[in-house]
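S.K.: sequence first, then the predicted structure:
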Amino acid sequence: MQPSISVIIPTYNRSGVLRYSVESVLNQTYPVSEVIVVDDGSTDDTAALIEREIRDKSSWRERVRYVYQSNQGQSAANNAGISKATSEWLGFNANDDLWSPWKLEWQFRVLAKYHDDCRLCFTDAWFMNNPFLKATLFQTAGRPDGQAFGVVKDPAHLIAKGQHPIWMQTVIARKDLVEQVGGLDESLRYSEDHDFLFRMALETNFCFVGMPMVLIDRSPAEDRHVGEARNWHKEEFCLRMDQRRFEKQLELIGRLSPETRKFVRQNLSNIHSAWASWHIERGENEKAVTSLSTAARHRLTPKLALKLAFTRVAPEFVRRLVVHDRQKAIRYDRASWKADETSGSM
C-alpha cells in the first residue's frame, strides 16, 4: 500500500495565483490524499475563489480542504494545516509556486530506496519570473554535482552553513517527524522555515531528488510580498528574527557535530556584526561597539577585530565604508530588481 500524503498551502491575499499552486499539487502523477489551504485572514476574494473552484471542479471538491483563521502569520498557518492533516506524509507548497507533475512520484521512489534512513526528502528547483536567477536552487547553493538522487548524512551541518538547497516548497516529511519537533515556531515571522528544517535535521537524514521539481516565484518583491512579509525588507526585523533563530541553534549545540558548532557560532558572530553595521549607519557607536564585542565572543576574526578597533577610534570612517558596501550590494532574490533594471545596470 503506497504512503498517503497531505499537502499544506498557507495563503494570505494571493487569490490571483493561489489557484495555480493548488492545481499543480492536484495534478501530481502520485495521488495526493488532500490539499489543505489555510487562509491566514485574507481580505481579498480568496474565500470566494475556493468556494467557486470546489463547486465547479470535482478534483477540488474531493480533495481540497479550506481552513480560515485570523491573521497569525505563516508559521501558524502551516501549523494549523499540520494539525488537520490525516496522512502519513506532509508536503508544503507556497501559494505562488508550482510543482512539476512528477515531483511526488520521484520523491517517493527515492524514499523507497532509503526508507530505513530518511524521513524527509527534498528536490532541486528552478526560479521563475526573475531574469537574474537562471541557475537552479542546487546550483545557487553551490551544489552542482549532478547527482540524480542521494542522501545527506548530516543535514544540520548543511543548513547551518547558510545558503543551502533545502526549501520548504520542495520538501515532504513524515508527519510523525514534524510532530516530533513541534511544528514551526510561531514566534518567528521570517526564516521560520530554516529553523523548522534545522530541528528536523537533528532527527533524521535527508534524501534528495537532484532534478528541479518546483518552480519558485521570484518576481519583484513588492509584487509577491503582502501583509507581514513586507517586513522582510526591513533590516532590523530580519536581524531580530535571524538572531533568535541562531540563538535557538546555540541552545541545541550539544547535539551538533564539531563542524556544525563552528558554523552556529560563526552565524551568531555574523549577525551581531550585522547589527553593528546597522547601528554604525545610525551613528549609534556605543551600541555598535557592544554588538561587535558580542560578535567577537562567538568568533573573533582579524576582519572583525579591525572593525571593532576602527569603530572605537574612527567611527565616521567606518560609517562611510558600511554605506558604500550596502550601495554595492544587490540581492535579486529578495529586493526588487525593477529599480535596478530601469537604471540600466545589470
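M.R.: That came through fine.

S.K.: contacts and neighbour counts: CA atoms only from here.
M.R.: OK.

S.K.: quick check: phi and psi on Ile36?
M.R.: For Ile36, the backbone dihedrals (degrees, to the nearest 10) come out as phi -100, psi 110.

S.K.: repeat that for Arg119.
M.R.: Per-residue torsions, Arg119: phi -120, psi 10 (degrees, to the nearest 10).

S.K.: then Leu202?
M.R.: Torsion angles, degrees, to the nearest 10, at Leu202: phi -80, psi -10.

S.K.: tell me which stretches of the protein form strands.
M.R.: Using DSSP state E, the strands of the chain run over residues 5-11, 34-40, 64-69, 89-92, 98-99, 118-128, 149-152, 172-174, 205-217.

S.K.: what are the contacting residues of the shortest one?
M.R.: When contacts are taken as CA atoms under 8 Å, 6 or more residues apart in numbering, the neighbours of strand 98-99 outside the stretch itself are Tyr20, Ser21, Ser24, Val25, Met213, Val214, Leu215, Ile216.

S.K.: what lines up beside it in the sheet?
M.R.: Looking at strand 98-99 with DSSP bridges, its partner strands are strand 205-217 (antiparallel).

S.K.: tell me the mean pLDDT for the strand it pairs with?
M.R.: Across strand 205-217, pLDDT averages out at 96.

S.K.: let me know the angle separating that strand from strand 118-128.
M.R.: 20 degrees (axes from the mean of the first three to the mean of the last three CA atoms, to 10 degrees).

S.K.: how much distance is there from strand 205-217 to the middle of the chain?
M.R.: 13 Å (CA atoms, centre = their mean, to the nearest Å).

S.K.: make CSV from the strands of the chain and add distance to Ser75 and mean neighbour count to it.
M.R.: Formatted as CSV, the strands of the chain follow (distance: least, CA to CA, whole Å; neighbours: other CA atoms under 10 Å):
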stretch, distance to Ser75, mean neighbour count
strand 5-11, 9, 25
strand 34-40, 10, 25
strand 64-69, 12, 17
strand 89-92, 12, 24
strand 98-99, 20, 25
strand 118-128, 19, 24
strand 149-152, 25, 17
strand 172-174, 16, 21
strand 205-217, 19, 22
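
S.K.: which stretch among these comes nearest Leu137?
M.R.: strand 118-128 (5.2 Å; CA to CA).

S.K.: just the C-alphas of that closest one, formatted as PDB.
M.R.: Output of strand 118-128 as PDB, limited to C-alpha atoms (Å, rounded to 0.1, in the frame of the first residue of the first chain):
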ATOM      1  CA  CYS A 118      15.400   9.100   5.800                       C
ATOM      2  CA  ARG A 119      12.100  10.700   7.000                       C
ATOM      3  CA  LEU A 120      12.400  13.800   4.800                       C
ATOM      4  CA  CYS A 121      13.100  14.300   1.100                       C
ATOM      5  CA  PHE A 122      13.700  17.500  -0.900                       C
ATOM      6  CA  THR A 123      14.300  18.300  -4.600                       C
ATOM      7  CA  ASP A 124      16.000  20.800  -6.700                       C
ATOM      8  CA  ALA A 125      14.000  23.700  -8.200                       C
ATOM      9  CA  TRP A 126      14.000  26.400 -10.900                       C
ATOM     10  CA  PHE A 127      13.300  30.100 -10.200                       C
ATOM     11  CA  MET A 128      10.700  31.900 -12.300                       C
END
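
S.K.: tell me the gap between that strand and the middle of its chain.
M.R.: Distance, stretch centre to chain centre, for strand 118-128: 12 Å (CA atoms, centre = their mean).

S.K.: circling back: export the strands of the chain to TSV and tack on distance to Phe246?
M.R.: Shown next, in TSV, are these (distance: least, CA to CA, whole Å):
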stretch	distance to Phe246
strand 5-11	25
strand 34-40	27
strand 64-69	29
strand 89-92	23
strand 98-99	30
strand 118-128	22
strand 149-152	21
strand 172-174	23
strand 205-217	21
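
S.K.: what about the chain, any weak spots by pLDDT?
M.R.: 144, 220-233, 324-346 (pLDDT under 70).

S.K.: can you list the domains in it?
M.R.: 5-227, 234-339 (automatic domain parsing).

S.K.: most tightly surrounded among those domains?
M.R.: Mean neighbour count (mean count of other CA atoms under 10 Å) peaks for domain 5-227 among these, with a mean of 19.

S.K.: I'd assumed Cys118 was in contact with Gln107.
M.R.: No. Here Gln107 lies out of contact with Cys118, judged by CA atoms under 8 Å, at a distance of 11.4 Å.

S.K.: now distance to Asp97 too, for the contacts of strand 98-99, in JSON lines please.
M.R.: Listed next are these as JSON lines, based on distance: CA to CA, whole Å:
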{"residue": "Tyr20", "distance to Asp97": "8"}
{"residue": "Ser21", "distance to Asp97": "6"}
{"residue": "Ser24", "distance to Asp97": "9"}
{"residue": "Val25", "distance to Asp97": "10"}
{"residue": "Met213", "distance to Asp97": "11"}
{"residue": "Val214", "distance to Asp97": "7"}
{"residue": "Leu215", "distance to Asp97": "6"}
{"residue": "Ile216", "distance to Asp97": "5"}
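
S.K.: just flag the most distant two among those.
M.R.: Using CA to CA, those reach their maximum pairwise distance at Tyr20 and Met213, which is 15.3 Å.

S.K.: test my guess that Leu308 contacts Thr294.
M.R.: No. Leu308 lies out of contact with Thr294 (CA under 8 Å); the separation is 10.6 Å.

S.K.: ok, now which ones touch Glu53?
M.R.: Trp60, Arg61.
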